[in-house]
Every structure is written in C-alpha cells, then in structure tokens.
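Participant: Provide a 3D model corresponding to the input given below.
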Amino acid sequence: MEFERQKVQRLEHVDLSRKGSIDIALHKSVSFINALPQYFTTSSCSGRIILFENVSSKIQKKGCKWLHVTHDFVTVKDLKAGLTDISGEAVLKFEPMVMHVQCRTLEDAQRMHQVAVASGFRNSGISVGTKGKIVTAIRSTHSLEVPLSSKGQVLVAQEHLEHLVDSANSKMQENNLRIDRFYTNLQSLSAEVSLHESCRSQAKREKSQADKKPTNSNRTSKNDKQEKLDDDFNNDDSLNLFIFDNT
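Facilitator: Numbers count the residues shown, from 1 in each chain. Presented below is the predicted three-dimensional model:
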C-alpha cells in the first residue's frame, strides 16, 4: 500500500536537519511511534532556546545568525558570550517541542491528536493533503521571543537578563514535562491501536468466511426453485403416474 511505501522510504531517508539526528528527549517517543504500523514521524524537535542575530546577509539561513542554541537549559553566561560580537538585533527565543506524524487513516490521526492534547500540546492539529496524506502536527504555544539588542547595543541589564533566563528555562522545564506525559500517553494509544487492529482483522476474517458460504438468499432461491419444479411435476396433466400391485 502507498502508506507503507512512504513509511519505508521516510525511515530510510537521511536526516536533513541542522543537528542531523533525533533529539535525545524525543528519542523514545519517536522510536515508539515508528514501531506502530499506523504511524511514522516526518520531523521533530524537542524544543530549544536560541540566541540569534538578525542579519541582512543572504548566506545565513532565513536571514539570521545563530549565536547560541541548546535543547537544554541556558545560563546568563551563555547569553553574554553570544552577545559579545554583534552588530544588529539579537533575539532570545524559546521554541517548544514540535513533531509531525503521518497517519494511515483519519481515525488514526484523531487518536494521535487526542494523545497530544491530553499531554498538554493543545495547539495540535490534523491536515489532509490533496493527495490524501494525513498528518498530525503536535505542538503548543508556550513560546518566548525577546529582543536583547539593537544595532549592536545590548538593551537589557544584568537583572533583566537573569529574569529572561529563568523564564526561558521555566518554559523548557514545562516542555520536558509535556514530552514525558506524551510518551506515557503513547502507551495507552498502543493498547487501543492493538485492540482496533485485532477487531479489524477479526472482521476481515468473518467477511472472508461469509463470502465463501452461500447466503440465505441463495439458499432460499435454490429451495424456491426446487419447490417450483415439484409443483410443475404434480400439476402437469401430461404426466400420469400409475402404481400397479401385481401381488
């Protein structure tokens, strides 16, 4: 089937992300999802804290220069080191976990969406492409984006910088808790999917067996034909049956 072909092709594909591998915090969830026959992940990021500088150079990806990036917690020292050599606008940004999961059917997508929302990723949604590709996007909105400099001049004091670091780390901590809940809730999804697949297989077997047996209508039709032949035989005046007793 097309879904199975796409899954094999995707899982054999080289990771084209900047990091080049699955984030450690998502490794268990991604492996678990890809082991289920109804799903496979197409992209993921466990969440990150970034310090970047907006630049006009077309060489830099999307017009920005990364000064510091981490999928873990950040320190004031990290930010100060990144702000030492800037000429434009430096921005501190926190991005929560995001994952895209391709699903075999719309029903499968709805199950994955329920798991995502129950885990705290309430901005999740389902998209259906023009060619029938069904994807559940797992995401949330607890992000952060704050400018720290303008024209190379740092605008925030030490105290405010410490507050921003605490805020970004707090959001990362909440993000990690949601990832843990997501993995836990995937276990219940697996059980539900297994039950659904069992019922689906049973229904297919029953249908296959039913197709091999004559239906009631066929049996009734055969009986009706036999009764009609008997009636025709009994009512045919050209047929006379005599029984002779020679004893």
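
Participant: what bridges to the residue nearest to the spatial centre of the chain?
Facilitator: For the chain, the residue nearest the mean C-alpha position is Val101 (2.6 Å; C-alpha atoms, centre = their mean). Taking DSSP bridges as the rule, Val101 bridges to Thr41, Thr136.

Participant: which residues touch it?
Facilitator: Ile33, Tyr39, Phe40, Thr41, Thr42, Met112, Val135, Thr136, Ile138 (C-beta atoms under 8 Å, 6 or more residues apart in numbering). To be clear about C-beta, it is placed using only N, CA and C from the backbone, and glycine gets the same treatment.

Participant: Of those, which pair is most distant in space?
Facilitator: Phe40 and Ile138 (13.5 Å; C-beta to C-beta).

Participant: Strands along this structure, start to end?
Facilitator: 39-45, 48-54, 64-70, 89-95, 98-103, 125-128, 134-138, 144-147, 149-150, 153-154 (DSSP state E).

Participant: Buried ones in the fifth one, by neighbour count?
Facilitator: Spelled out, that is strand 98-103. Val98, Met99, Val101, Gln102, Cys103 (16 or more other C-beta atoms under 10 Å).

Participant: now, which of the residues you listed sits nearest Ser29?
Facilitator: Met99 (7.6 Å).

Participant: quick one, what contacts Arg178?
Facilitator: So Arg178 contacts Pro96, Met97, Ser119, Gly120, Phe121, Ser140 (C-beta under 8 Å, 6+ apart).

Participant: I'd guessed the fifth one sits against Arg139; true?
Facilitator: When you say that, I think you mean Phe121. Yes: if you go by C-beta atoms under 8 Å, Phe121 and Arg139 touch, sitting 5.9 Å apart.

Participant: what touches both of the two?
Facilitator: Met97.

Participant: What count of nearby residues applies to Lys207?
Facilitator: For Lys207, the count of nearby residues is 10 (other C-beta atoms under 10 Å).

Participant: Look at it and report its pLDDT.
Facilitator: For Lys207, the pLDDT comes out at 70.

Participant: now swap in Ala203 and tell me
Facilitator: At Ala203, pLDDT is 65.

Participant: And the pLDDT at the closest residue to Gln110 other than its chain neighbours?
Facilitator: Spatial nearest neighbour of Gln110, excluding adjacent residues (C-beta to C-beta, 6 or more residues apart in numbering): Ile126 at 7.1 Å. According to the prediction, Ile126 has pLDDT 98.

Participant: Which one's more surrounded, Phe121 and Arg139?
Facilitator: Phe121 (25 against 18).

Participant: show me the contacts for the more buried one.
Facilitator: Met97, Ile138, Arg139, Ser140, Arg178, Phe182.

Participant: go with 6 Å
Facilitator: Ile138, Arg139, Ser140 (C-beta atoms under 6 Å, 6 or more residues apart in numbering).

Participant: what's the distance between it and Ser143?
Facilitator: 13 Å (C-beta to C-beta, to the nearest Å).
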